[in-house]
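In: Here is a sequence together with a model predicted from it:
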Amino acid sequence: MSNANQIHSNQNFEHQQNSNEQIDTGTASSNAFLAIATAYGDYTKKSFEDTKLFVEKLSGVKSLDKAIEVQTEFAKTAYETFVTESQKIGGLYSDLAKQSYKPFGDLVARMTSTNR
């Protein structure tokens, strides 16, 4: 094989690798967005159900002390749920960012190793 043919063959192979990496990254990104959307949906559903339950409890209360107790309990659980779900969703965004920048890190690594 001549030198020119070998260079052309290597370029085609690198182009094919880059295309495969882009497809893999696109699929991973789609899955990450789907996971984020699902997490938001689950949190919204849970929040709605908890609020509905709170309103039902509050409507059955006969005294002010009991109303304050029910409201305090709801506020505490709503805050805990919010913090937990926010951390979960934040982790999903972090994973998405890592996946999104991975091809650039690989490209820089390849460019650095070829320049030596």
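Out: Nice, thanks for sending it over.

In: which residues touch residue 35?
Out: Applying Cβ atoms under 8 Å, 6 or more residues apart in numbering, we find residue 35 in contact with residue 92. No exception for glycine: its C-beta is placed from N, CA and C like everyone else's.

In: Try it again at 10 Å.
Out: Contacts for residue 35 (Cβ atoms under 10 Å, 6 or more residues apart in numbering) come out as 88, 89, 91, 92, 93, 95, 96.

In: so where does it fall, helix or strand?
Out: In the assignment (DSSP states H and E), residue 35 maps to helix 3-59.

In: Let me see the contact set for residue 33.
Out: Residues near residue 33 by Cβ under 10 Å, 6+ apart: 92, 96.

In: Quick check: pLDDT value at it.
Out: As predicted, residue 33 sits at a pLDDT of 92.

In: Quick check: the gap between it and residue 104.
Out: From residue 33 over to residue 104 the distance is 19 Å, taken as Cβ to Cβ, to the nearest Å.

In: And residue 55, by the same measure?
Out: From residue 55 to residue 104 the distance is 49 Å (Cβ to Cβ).

In: Quick check on the two: which one has the bigger neighbour count.
Out: Neighbour count, other Cβ atoms under 10 Å: between residue 55 and residue 104, residue 55 has more, with 12 against 9.

In: That one and residue 74 touch, don't they?
Out: Yes: using Cβ atoms under 10 Å, residue 55 is in contact with residue 74, at 9.3 Å.
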